[in-house]
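In: my questions are about this predicted structure, shown below with the sequence.
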Amino acid sequence: MPKLAAEFPLVFLRQSNGELAPFALFSLAPQRNNFVEQGKWLAKRTPLALFNQPLILSQTKGNDYIVAVDMQSELIANA
């Protein structure tokens, strides 16, 4: 996490289980990413959540983890 903190501002959000989780802050404006310009990623590092898109590691109510697919992602084609 220190390498990510050097690259991005980090915020900590409380999850439904009460734990704090780190998130990289890419912009304060909706629909804006200050680390993307003309479709190109500008930062030296890529957070894992972006690297694995459209796959998402999701925590269940029983505190297990599952791999889910973001069906709203532009990377998913309608066949």
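Out: Arrived safely, thanks for sending.

In: please, which helix or strand holds the residue nearest to the spatial centre of the chain?
Out: For the chain, residue 49 is the residue whose C-alpha lies nearest the centre (Cα atoms, centre = their mean; 4.0 Å). Residue 49 belongs to helix 48-51 when assigned by DSSP states H and E.

In: name the residues of that helix that are buried.
Out: Neighbour counts over helix 48-51 (16 or more other Cβ atoms under 10 Å) mark no residue as buried. Every residue, glycine included, has its C-beta placed from N, CA and C.

In: now swap in stretch 43-60 and tell me
Out: Residues of stretch 43-60 classed as buried by neighbour count (16+ other Cβ under 10 Å): residue 47.

In: please apply the same query to stretch 3-14.
Out: The neighbour-count check on stretch 3-14 (16+ other Cβ under 10 Å) flags 4, 8 as buried.

In: and it, end to end?
Out: Distance between the two ends of stretch 3-14: 22 Å, counting by Cα to Cα, to the nearest Å.

In: how far does that stretch sit from the chain's center?
Out: 11 Å (Cα atoms, centre = their mean, to the nearest Å).

In: model confidence over it, on average?
Out: Across stretch 3-14, the average pLDDT comes to 87.

In: for this structure, what helix or strand is lowest in average pLDDT?
Out: Within the chain, no helix or strand scores below helix 48-51, which has a mean of 74 by mean pLDDT, DSSP states H and E.

In: so where's this protein shaky on pLDDT?
Out: By pLDDT under 70, the low-scoring segments of the chain are 79.

In: now the strands for this protein?
Out: All strands of the chain, identified by DSSP state E, fall at 10-14, 20-24, 36-37, 40-41, 55-59, 65-69.
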